[in-house]
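Asker: predicted model and sequence below, questions to follow.
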Amino acid sequence: MSLALHRLDRRYVWRAISTIAVEDVGIGAADAVLWATAAQRAGFRKAVGELPLLIALIRRMATAVKSRSAIELAFVTDTGEPEMFRLFGGMTTGQLLDRFAGSDPYEAYAALSVLRGIVPKAYRIRPPDQRGVAAAGEMLTGQMDPALVRAARAALYNPLDEMSLGFAVAARLPHDDNAHQDIMPESRLIDGYPAETFDQHERLGRQAIDHFAKSLSRRSPALAALPAGKARAAVADAVFVVEGQCLDRWLGGPDFDRLRGEADGYSLTRHGLSAEAGREVRQLIRSSLADLHATRCMMVADAE
């Protein structure tokens with residue numbers, strides 16, 4: 001599929017490769033992040049060879065231990081604590097570098113985002129601070145092994161978006177040597193799409209989620225107590241956590257476990273569910289995926 005996309009739209013496929021490397025593989029394969037970031041330059045791809053580079057990156061990322069810590073950091077901070085950007089926007093370069101050097105990964109991410117000038121639009125109150133960015137890059141030396149330093153600097157100096165900055169922060173966090181495993185749900189394709197992608201990008205998928213949310217609301221008092229729109233959004237996010245965010249092998253450790261748990265929890269509590277209710281809804285969805293899949297297939301069949 002990647003080779004077919006490459007023939008249709010080279011710019012898109014290289015942006016997609018870089019996005020996957022940063023968001024879904026992360027520090028599990030720092031070399032993939034480094035090469036995928038470099039591959040955004042046409043001159044680099046030409047020198048190395050586009051197809052060999054593309055094939056090598058896909059193979060490397062498919063077999064790597066994964067970490068979604070970059071997107072977990074960005075998601076919780078950007079959507080849950082956006083006022084942090086306004087607060088940090090009034091700090092000096094030195095104060096921001098102190099926050100970047102601190103032990104709180106959310107504050108470090110927000111500080112780096114302000115320095116780099118990549119913050120939510122409503123909080124863009126100062127230009128990028130090139131001196132501060134250079135200093136942050138120097139601070140990475142000595143905090144991790146050389147491969148991670150090179151990848152983190154590449155992501156910092158040539159970010160695709162805010163997730164690249166999340167990677168630069170997550171790269172500093174200690175992690176376990178042993179990979180962890182999720183309980184993977186049955187892999188399902190619908191009309192050529194992986195199931196969770198079908199829900200997000202196709203009208204019929206969104207209709208299936210609507211139908212599923214109404215069904216679950218009759219079984220869950222917590223969902224029934226929410227406005228219909230919020231219940232639907234909570235179910236959609238929970239489906240993605242249960243079905244779409246599972247990883248075959250992922251890096252753990254106290255900081256990474258915290259990031260993952262807080263991101264998964266916030267994806268539901270932001271819609272009005274308590275933490276306990278969110279866990280119950282997630283378990284209900286996990287036991288009802290077969291019903292959702294049947295609804296998806298019915299929607300596709302009825303549309304044909």
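Answerer: That came through, no problem.
Asker: with adjacent residues omitted, what lies nearest to the spatially most central residue of the chain?
Answerer: In the chain, the residue lying closest to the centroid (C-alpha atoms, centre = their mean) is I71, at 3.0 Å. Using C-beta to C-beta, 6 or more residues apart in numbering and skipping residues adjacent in sequence, the residue nearest I71 is E23, 4.5 Å away. Glycine gets a C-beta too; all of them are placed from N, C-alpha and C.
Asker: go ahead and confirm the one you found touches D161.
Answerer: No: if you go by C-beta atoms under 8 Å, E23 and D161 don't touch, sitting 9.4 Å apart.
Asker: tell me where the model's unsure across this protein.
Answerer: For the chain, the stretches flagged by pLDDT under 70 are 1-8, 184, 187.
Asker: tell me where it has strands.
Answerer: All strands of the chain, identified by DSSP state E, fall at 179-180, 189-190, 193-194, 250-251.
Asker: right, and these - which one's nearest M144?
Answerer: When the strands of the chain are compared by C-beta to C-beta, strand 250-251 sits nearest M144, at 13.2 Å.
Asker: for that closest one, name the packing helices and strands.
Answerer: Strand 250-251 sits against strand 179-180, with contacts defined as 3 or more C-beta pairs under 8 Å, 6 or more residues apart in numbering; DSSP states H and E.
Asker: the strand it packs on: how far from the chain's middle?
Answerer: Offset of strand 179-180 from its chain centre (C-alpha atoms, centre = their mean, to the nearest Å): 18 Å.
Asker: picking up where we left off before, deepest of the strands of the chain, which one?
Answerer: strand 250-251 (a mean of 24; mean count of other C-beta atoms under 10 Å).
Asker: now do that one: distance to the chain's middle.
Answerer: On C-alpha atoms, centre = their mean, the centre of strand 250-251 falls 14 Å from that of its chain.
Asker: which residues touch it?
Answerer: Outside strand 250-251, the residues that touch it by C-beta atoms under 8 Å, 6 or more residues apart in numbering are 26-28, 65-69, 175-176, 179-182.
Asker: which members of those are positioned in helices?
Answerer: S69 (DSSP state H).
Asker: dump the contacts of strand 250-251 into a markdown table; add distance to V48 as well.
Answerer: What follows is those, written out as a markdown table (distance: C-beta to C-beta, whole Å):
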| residue | distance to V48 |
| --- | --- |
| G26 | 22 |
| I27 | 23 |
| G28 | 22 |
| V65 | 24 |
| K66 | 24 |
| S67 | 25 |
| R68 | 27 |
| S69 | 28 |
| H175 | 29 |
| D176 | 33 |
| A179 | 29 |
| H180 | 33 |
| Q181 | 33 |
| D182 | 33 |
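Asker: and of the contacts of strand 250-251, the nearest to D302?
Answerer: When the contacts of strand 250-251 are compared against D302 (criterion: C-beta to C-beta), the nearest one is D182, at 32.7 Å.
Asker: how many neighbouring residues does the closest one have?
Answerer: 13 (other C-beta atoms under 10 Å).
Asker: likewise the one 10 residues further on?
Answerer: Neighbour count for G192, taken as other C-beta under 10 Å: 8.
Asker: likewise for the one 10 residues further on?
Answerer: Neighbours of E202 under the rule other C-beta under 10 Å: 17.
Asker: contacting residues around it?
Answerer: Going by C-beta under 8 Å, 6+ apart, the list of residues near E202 reads 191, 193.
Asker: please repeat the previous calculation with a cut-off of 7 Å.
Answerer: The contact partners of E202, by C-beta atoms under 7 Å, 6 or more residues apart in numbering, come to Y193.
Asker: just the CA atoms of stretch 146-159, as PDB, please.
Answerer: What follows is stretch 146-159, C-alpha atoms only, in PDB (Å, rounded to 0.1, in the frame of the first residue of the first chain):
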ATOM      1  CA  PRO A 146      23.900   9.300  21.200                       C
ATOM      2  CA  ALA A 147      21.300   7.700  18.900                       C
ATOM      3  CA  LEU A 148      18.500   9.300  20.900                       C
ATOM      4  CA  VAL A 149      20.300  12.600  21.000                       C
ATOM      5  CA  ARG A 150      20.600  12.700  17.200                       C
ATOM      6  CA  ALA A 151      17.000  11.800  16.700                       C
ATOM      7  CA  ALA A 152      15.700  14.300  19.300                       C
ATOM      8  CA  ARG A 153      17.800  17.100  17.800                       C
ATOM      9  CA  ALA A 154      16.500  16.300  14.300                       C
ATOM     10  CA  ALA A 155      12.900  16.400  15.600                       C
ATOM     11  CA  LEU A 156      13.600  19.700  17.500                       C
ATOM     12  CA  TYR A 157      15.400  21.500  14.700                       C
ATOM     13  CA  ASN A 158      13.100  20.200  11.900                       C
ATOM     14  CA  PRO A 159       9.700  19.500  13.500                       C
END
